[in-house]
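> Below are the sequence and a predicted model; questions follow.
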Amino acid sequence: MQLRYRYRIYPTPGQQNRLAQAFGCARVVFNDCLRARQVAHESGVKLSDTDVQKLVVTEAKKTPQRVWLGDVASVVLVQVCQDARRAYRNWFDSMSGKRKGRKIGAPRFRSRKDTRQSIRLTRNGFSVRSNRKLYVAKVGELTVAWSRELPAVPSSVTVIKDSAGRYFASFVVETNDEALPPIADEVGIDLGLSSFAVLSDGRVIGAPKFLRRAERKLRKAQQDLSRKQKGSSNRAKARLRVAKVHARVADSRRDWAHKESTTIVRENQAVFVEDLCVTGLARTRLAQSVHDAGWSQFVGMLEYKAERYGRVFGKVDRFFPSSQLCSACRVQDGPKPLSIREWTCTACGAVHDRDLNAAKNIHAAGRAEWLNACGGAVSLSA
């Protein structure tokens with residue numbers, strides 16, 4: 001399994017200038033690749049990937065308009081061409097149905113005003129030196145804050161400058177699956193807003209609401225930004241302050257999700273969740289709370305960690321009536337408004353907490369689907 005290991009890096013002012021030059025050259029080459037493909041399509045000329053790379057890199061370096069492309073490492077420009085090719089392939093596969101998930105549009109040109117910039121290098125463009133510094137071709141040795149050791153030799157690295165002005169090195173590492181000892185516990189998870197998650201074993205995970213807690217500071221920063229003149233240096237500083245608040249919120253949410261997902265995967269042999277339509281819920285009046293919860297990020301972590309540690313992960317269909325079924329007698333008691341948090345089954349008289357009952361039903365449905373090796377219709381046991 002390939003995993004990413006991201007570390008904070010601290011380039012010197014001179015290295016920041018060289019990285020900015022590399023970011024700019026990568027952006028120009030990416031846009032030239034898109035433009036070359038568009039012109040070739042309009043004129044009816046077929047260009048191979050090799051032809052595009054020769055046109056926008058090899059031949060472009062010989063022209064006065066693009067001679068400065070030779071000031072950055074060639075591996076950066078080659079990888080940008082690969083990124084542009086992959087963007088077109090993903091678009092074509094999405095239109096033809098080969099690519100799963102929602103439809104994606106055509107690749108768009110990159111702007112120098114984008115607040116996030118990045119370059120990608122393969123092994124011939126970087127190395128981790130014996131002094132524990134990251135060497136990047138034509139940039140130099142970068143100081144890295146090694147929060148943990150790399151499990152293997154990285155195959156590539158992406159140097160990133162985020163919207164808050166921070167620099168990161170993201171390594172791609174091939175790791176071996178670390179199967180944990182099998183255990184008997186299984187769990188179903190019902191995700192929500194008032195409580196982030198309710199587990200079928202009765203555990204309740206409270207909603208941290210990182211964005212809500214930072215609203216006061218964010219409001220003041222955004223008000224200060226709105227009063228600055230466009231294009232001024234003070235506006236750029238104010239934009240950076242807003243970006244730092246958002247970055248702190250995102251970092252806190254990601255760190256919390258990693259810790260909770262790791263705990264759940266380690267303590268349970270099988271984990272089942274509901275396949276929520278987050279995109280649809282984000283179009284309602286609860287949009288801010290839905291985005292603040294970070295359900296998709298949390299579920300994605302559960303999925304890849306379960307695969308890595310030899311656990312079972314399953315998703316229950318989003319149309320499964322988890323809140324309508326009685327977890328005791330399996331009788332469907334009909335839809336209920338969200339204001340009803342506790343209800344009594346009309347068939348068996350069992351009193352249910354809405355979220356805990358839904359978590360138990362998700363566990364039962366997910367387990368039945370997991371054990372149904374033939375893939376036929378699933379009948380939940382009473």
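Good, I have the coordinates.

> any chance you could map the strands in the protein?
Taking DSSP state E as the criterion, the chain carries its strands at 2-10, 117-122, 126-128, 134-136, 140-145, 156-161, 167-174, 186-191, 195-199, 204-206, 270-274, 312-316, 342-344, 351-353.

> Check which residues of the longest helix seen in the chain are buried.
Taking DSSP state H as the criterion, the chain has its longest helix at helix 233-267. Neighbour-count burial for helix 233-267 flags 235, 238-239, 241-246, 249-250, 253, 256-257, 260-261, 264-265 (criterion: 16 or more other CB atoms under 10 Å). In this view, the C-beta of every residue, glycine as well, is placed from N, C-alpha and C.

> How about the residue positioned nearest the centre of the chain, nearest residue that isn't a chain neighbour?
Closest to where the C-alpha atoms of the chain average out (CA atoms, centre = their mean) is Q297, at 6.3 Å. Beyond its immediate neighbours in the sequence, the residue positioned closest to Q297 (CB to CB, 6 or more residues apart in numbering) is A257, lying 5.6 Å away.

> same thing with V56?
Distances taken as CB to CB, 6+ apart place D32 nearest to V56, at 4.0 Å, with adjacent residues excluded.

> Tally up the residues packed near the one you found, please.
Using other CB atoms under 10 Å, D32 has 22 neighbouring residues.

> gap between it and D353?
Taken as CB to CB, to the nearest Å, the spacing of D32 relative to D353 amounts to 59 Å.

> show me what contacts A179?
Applying CB atoms under 8 Å, 6 or more residues apart in numbering to A179 gives the contacts Y309, G310.

> one more time with 10 Å, if that's ok
Going by CB atoms under 10 Å, 6 or more residues apart in numbering, A179 touches R308, Y309, G310, R311.

> Hmm, the first one is touching S261, no?
In other words, R308. No. In terms of CB atoms under 10 Å, R308 does not count as a neighbour of S261; the distance is 11.3 Å.

> Would you confirm that A358 contacts E274?
Yes. Counting by CB under 10 Å, A358 touches E274, with 7.9 Å between them.

> and for these two, which residues touch both?
By the contact definition CB under 10 Å, 6+ apart, A358 and E274 are jointly contacted by G188, I189, D190, L191, F320, S322, S323.

> Tabulate the residues you listed (TSV), appending pLDDT.
As requested, those are exported to TSV (pLDDT from 0 to 100):
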residue	pLDDT
G188	95
I189	95
D190	94
L191	93
F320	90
S322	89
S323	88
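
> Most neighbours among these, which one?
Comparing those on neighbour count, G188 comes out first with 29 neighbours (neighbours: other CB under 10 Å).

> Verify the contact between that residue and A358 for me.
Yes. The criterion here is CB under 10 Å, and G188 meets it with A358 at 8.4 Å.

> where do the contact lists of these two overlap?
With contacts defined as CB under 10 Å, 6+ apart, the residues shared by G188 and A358 are V198, S200, E274, S322, S327.

> so what's the third one bridging to?
To tie it back to what came earlier, the one meant is E274. Listed beta-bridge partners, E274: V316 (assigned using DSSP bridges).

> Could you check how far it is from V312?
On the measure of CB to CB, E274 and V312 end up 16 Å apart.

> Look at the two and report which has more neighbours.
When neighbours are counted by other CB under 10 Å, E274 comes out ahead of the other of E274 and V312, with 25 against 15.

> residue ranges with poor pLDDT in this structure?
Low-confidence segments of the chain, defined by pLDDT under 70, are located at 373-382.

> what are the ranges of the helices in it?
Taking DSSP H, the helices of the chain run over residues 13-43, 49-53, 74-96, 210-213, 215-226, 233-267, 278-281, 287-293, 295-308, 354-371.

> what would those look like in CSV with distance to D162?
Supplementary listing: these in CSV, determined by distance: least, CB to CB, whole Å:
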stretch, distance to D162
helix 13-43, 12
helix 49-53, 28
helix 74-96, 18
helix 210-213, 17
helix 215-226, 17
helix 233-267, 7
helix 278-281, 23
helix 287-293, 18
helix 295-308, 17
helix 354-371, 36
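
> how near is S226 to R219?
Counting by CB to CB, the gap from S226 to R219 is 11 Å.

> Quick check: buried residues in stretch 145-156?
Of the residues in stretch 145-156, those with enough neighbours to count as buried (16+ other CB under 10 Å) are P154, S156.

> er, stretch 202-216 actually
Neighbour counts using 16+ other CB under 10 Å place I205, A207, P208, F210, L211, A214 of stretch 202-216 among the buried residues.

> Reformat those residues as TSV; add distance to D114.
Supplementary listing: these in TSV, determined by distance: CB to CB, whole Å:
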residue	distance to D114
I205	35
A207	32
P208	30
F210	25
L211	23
A214	24
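
> how many neighbours does V273 have?
Residue neighbour count, defined by other CB under 10 Å, stands at 25 for V273.

> Of the buried residues of stretch 202-216, which is the nearest to H363?
Relative to H363, the closest of those is I205; by CB to CB it sits at 15.5 Å.

> list the contacts for that closest one?
By CB under 10 Å, 6+ apart, the contact set of I205 is 189, 191-192, 195-199, 256, 260, 263-264, 298.

> how near is it to A145?
With distances taken as CB to CB, I205 is found 30 Å from A145.

> what do you get for L371?
From L371 across to A145, the span is 46 Å (CB to CB).
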